[in-house]
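Engineer: Have a look at this prediction, sequence included:
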Amino acid sequence: MLAPKSDFIGLTEATAHLATGGQPPMLKSHRDAFERFCADKANGTAGYTSHWQIGERAKASLEILSGLPARDHAFVGNASEGIARVISAIEWNAGDNVVVADKEYASGRFALLRLAALGVEVRLVKTVGWYIDPDALLDACNEHTRLMYVSQVTSLTGQHFDIASIASVLEARGVTLLVDASHALGVVPVDGHLADFTVSSCYKFLCATHMGVLAWNRDKQPNFNPRAVGWASANDVYGGQSYSLHDDASRAQLGNPNHLDVYILEVSLRYLLSFGIASITGHVRRLADKLYSGLDAIGVALITPARAAQRAGNIAFAHPDDATLVREAAKVGILLWDGDGRVRASVHLFNTDADIERYLEWLKTYTRSD
């Protein structure tokens, strides 16, 4: 165990919580964040100023996680909104194309498929089984490719991409790389310098609530002009007849972020960084390897890649009645995630060897009677 379960609301030794890829429990210290937010909100102008100061502290922590400057992070409603902000900032032309895998996260696929109305070709790369071949993604690119969307760690199988190798090829071709780090940020290293843009939800491995963050790599993309604009995105100039976008990522924030969410995120980030991402990654990879080996021995239809380098915190297998399996596991205090004909377990810093062993022992019995 890296982090004590007693730090989390509703998490006890009687629970094997392996559902962080869906959503983890909240920290007990989040109660203090809520009280602090309420006190600040009752304090008029001074409290409103505190809201924005907490946001700056959260962005300073995001700088440690992504490596990009604090000012180049924006708070958005969710990761899906961040994807939309990026896509809206590109001037699309008929004949352009974009590349995405057919088993990529729905928000990215849907946003790109919508571009077909503008005459943009969507190159939907077919997945072999459950495996997304990074070479097939790159092979789908040509001189007309404008953008590729890829999750650093996929939500379906937990496949972990080598973003550095993908980025090096795309940069040479002038293709924008949009990375979704929702299943990576907070559990494995995320290098914001590799992609042009990185988005992430905050309610998964960041252990916060349902907001999102957008990171802008201005070295690769100096011109980022989201189509939507609000009072928080820009300065009012020329007597109200024009505006100038802020020179940082706040240009992607239309108005107030949900400040309560930001207070909670700030606490989560400080908590995660108190352990360090390197320590969290080492802990998670060890348990994930143990889980993968155990599932393989049971004989389930694993869909997470066998190579350890292509895995992170999610380990999944295909199952014809995934919903029933997950429901039955929950009855004995083992929390998993189902959907799309697969069962996913996610490992995070509060998980223990006992959690993995308990899940494997229960699954042996379940599969024998299945």
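Structural biologist: Done, it's in. Note that this is a predicted model, so its numbers are computed, not measured.
Engineer: Looking at this protein, which residue reaches furthest from the middle?
Structural biologist: Gly239 (40.6 Å; Cα atoms, centre = their mean).
Engineer: Is that one in a helix, a strand, or coil?
Structural biologist: Secondary structure for Gly239, judged by DSSP: H, G, I helix; E, B strand; the rest coil, is helix.
Engineer: Just say helix, strand or coil for the residue nearest the centre of the chain.
Structural biologist: Centroid-nearest residue in the chain: Ser182, 0.6 Å away (criterion: Cα atoms, centre = their mean). What three-state DSSP gives for Ser182 is coil.
Engineer: So what does it look like in phi/psi?
Structural biologist: Main-chain dihedrals, Ser182, degrees, to the nearest 10: phi -60, psi -30.
Engineer: Name the nearest residue to it, sequence neighbours excluded.
Structural biologist: Closest residue to Ser182 apart from its sequence neighbours, by Cβ to Cβ, 6 or more residues apart in numbering: Ser201 at 4.3 Å. Every C-beta, even on glycine, is put in place using the N, C-alpha and C of the backbone.
Engineer: and that neighbour, what does it touch?
Structural biologist: Contact partners of Ser201, counting by Cβ atoms under 8 Å, 6 or more residues apart in numbering, are 78-79, 182, 210-212.
Engineer: Which residues does it form beta bridges with?
Structural biologist: Taking DSSP bridges, one obtains Gly212 as the residues bridged to Ser201.
Engineer: one step back: help me confirm that the residue nearest to the centre of the chain comes into contact with Ser200.
Structural biologist: Yes - under the criterion of Cβ atoms under 8 Å, Ser182 is in contact with Ser200, at a separation of 4.9 Å.
Engineer: measure the residue farthest from the centre of the chain to Leu245 for me?
Structural biologist: 18 Å (Cβ to Cβ, to the nearest Å).
Engineer: Then Asp40?
Structural biologist: Asp40 is 28 Å from Leu245, by Cβ to Cβ.
Engineer: Comparing these two, which residue is more hemmed in?
Structural biologist: Using other Cβ atoms under 10 Å as the criterion, Asp40 and Leu245 rank with Asp40 on top: 19 against 15.
Engineer: What sits closest to the more buried one if chain neighbours are left out?
Structural biologist: Nearest one to Asp40, counting by Cβ to Cβ, 6+ apart, is Gly47 at 3.7 Å.
Engineer: Helix or strand for that neighbour, just tell me which one.
Structural biologist: Here Gly47 is covered by helix 44-66, with elements defined by DSSP states H and E.
Engineer: Could you name the helices and strands sitting against that helix?
Structural biologist: Secondary-structure packing of helix 44-66 (3 or more Cβ pairs under 8 Å, 6 or more residues apart in numbering; DSSP states H and E): helix 30-41, strand 73-76, strand 212-216, helix 259-275.
Engineer: Check which helices and strands the worst-scoring helix or strand of the chain on mean pLDDT sits against.
Structural biologist: When the helices and strands of the chain are scored by mean pLDDT, DSSP states H and E, strand 234-237 comes last with a mean of 88. With contacts taken as 3+ Cβ pairs under 8 Å, 6+ apart, strand 234-237 sits against strand 242-245.
Engineer: Direction included, what does the least confident helix or strand of the chain pair against?
Structural biologist: Strands adjacent to strand 234-237 in the sheet, as given by DSSP bridges, are strand 242-245 (antiparallel).
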